[in-house]
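> Everything below, folded, please.
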Amino acid sequence: MTTLKIKDLHVEVDGKEILKGVNAQISEGETVALLGPNGHGKSTLLNVIMGHPRYIITKGSLYLDDVDITEMTTDERARAGLFLALQNPAEVPGVINSDFLRAAVNATSEEKISTYKFYKVLDNATKELKMPFDLATRSLNEGFSGGEKKRNEILQLLLLKPKIAMLDEIDSGLDVDAINVVADSINKQKKEGRGFLVISHYARLFDLIKPTRAIVMINGRIALDGGPELIKRIDQTGYEFIKTEYGIEIEKEDANMNTVSIGSCAVKETIK
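You can find the predicted model right below:
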């Protein structure tokens, strides 16, 4: 069983410390919700795990199956079995989506996939995600709607078959039907043993994919690591109980940050 271990991770961006000693563990077969107010290090953590060069590790280490991956490049981590679906996927004019996807599959596989087999797999994957196949013939994410970009990230996940997948607000910008499609795909992959670390501010997604654990990040550290009941409590009451019950002051720019629940956004109101 593949396990990602994060040990005493300290990270800074542009000279400012964002992660201040993160310790966590995620294994294949788990679906872990990563919660916390905005600006407290969730997206930073995922980017660091994937090897984004902007984020500087000043202390600590990352292990995958007891192999130190701290100094590995992003492509090496992808080949080792990690995947990150981006919150804001970039548009890449001139790079055809299908060419990019096939190159990614070949880069992470021991054997090169034939053109015929690749397009057969691609056709099945787009049908599963209810995506128009012609998106594969367009430039990568160029002119895609927000929802199309997010589905394209899940399409990459389906094709690459990583051991542990990290999803950074994959449901933002999706309507109710699209969220259901994405959740169905995640649940199908869970049955295959894939591990997930998922950031979302929408309780709807967590209701659909049913995480096995929940991790709460506060002030660049893991404040709580517990069962899925944490998701419901935070959605109903916000983060104030972390201060009153655990004595953790929540550093924030917004005076109302610690009363914001998971789903206090326009999307949840639409779902209602």
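
> Helices along the stretch 151-272 of the chain, start to end?
All helices of the stretch 151-272 of the chain, identified by DSSP state H, counting those that start in this stretch, fall at 176-191, 203-209, 229-237, 240-246, 266-271.

> Buried residues, the second one. List them.
Within helix 203-209, the residues scored as buried using 16 or more other CB atoms under 10 Å are Ala203, Arg204, Leu205, Phe206, Leu208, Ile209. Placement of C-beta: from N, CA and C, glycine included.

> Send me that helix as PDB with only the CA atoms.
What follows is helix 203-209, C-alpha atoms only, in PDB (Å, rounded to 0.1, in the frame of the first residue of the first chain):
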ATOM      1  CA  ALA A 203     -20.200  20.400   1.700                       C
ATOM      2  CA  ARG A 204     -22.100  19.000  -1.300                       C
ATOM      3  CA  LEU A 205     -19.000  17.300  -2.700                       C
ATOM      4  CA  PHE A 206     -18.000  15.700   0.600                       C
ATOM      5  CA  ASP A 207     -21.600  14.400   1.000                       C
ATOM      6  CA  LEU A 208     -21.200  12.700  -2.300                       C
ATOM      7  CA  ILE A 209     -17.700  11.200  -1.900                       C
END
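
> now it: mean pLDDT?
Mean pLDDT, helix 203-209: 94.

> Now Arg213: closest residue in space, sequence neighbours ignored.
Val32 (4.7 Å; CB to CB, 6 or more residues apart in numbering).

> pLDDT of the host helix or strand of the one you found, averaged?
Under the criterion of DSSP states H and E, Val32 resides in strand 31-35. In this model, strand 31-35 carries a mean pLDDT of 98.

> buried residues in the following helix or strand past that strand?
Next helix or strand after strand 31-35 toward the C-terminus (DSSP H and E): helix 42-50. Buried residues in helix 42-50, defined by neighbour count with 16+ other CB under 10 Å: Lys42, Ser43, Thr44, Leu45, Leu46, Asn47, Val48, Ile49, Met50.

> How much space separates the third one from Ile199?
Pointing back at Thr44 there. Using CB to CB, to the nearest Å, Thr44 is found at 11 Å from Ile199.

> center of this protein, which residue is that?
Closest to where the C-alpha atoms of the chain average out (CA atoms, centre = their mean) is Leu167, at 1.6 Å.

> Go ahead and confirm it touches Arg194.
No - using CB atoms under 8 Å, Leu167 is not in contact with Arg194; the gap is 11.2 Å.

> if we can go back for a sec, out of the buried residues of helix 42-50, name the two that are farthest from one another.
Farthest pair in these (CB to CB) is Lys42 and Met50. Separation: 13.3 Å.

> Give the bridge partners for the residue nearest to Arg213, please.
Counting by DSSP bridges, Val32 is bridged to Leu197, Arg213.

> What count of nearby residues applies to Gly36?
For Gly36, the count of nearby residues is 25 (other CB atoms under 10 Å).

> Quick one: the strands in the stretch 101-250 of the chain, in order.
Along the stretch 101-250 of the chain, counting by DSSP state E, counting those that start in this stretch, strands occupy 139-140, 164-168, 195-199, 213-218, 221-226.

> Ala223 versus Gly247, what's the distance?
Gly247 is 11 Å from Ala223, by CB to CB.

> where does the stretch 51-200 of the chain have low pLDDT?
Along the stretch 51-200 of the chain, no part satisfies pLDDT under 70.

> Look at Gly247 and Ala223 and report which has more neighbours.
Per other CB under 10 Å, whichever of Gly247 and Ala223 has more neighbours is Ala223, with 18 against 7.

> I figured the more buried one hits Ile248, correct?
Yes - the pair Ala223 / Ile248 is scored as a contact, 5.5 Å apart, by CB under 8 Å.

> shared neighbours of those two, which are they?
Ile242 (CB atoms under 8 Å, 6 or more residues apart in numbering).
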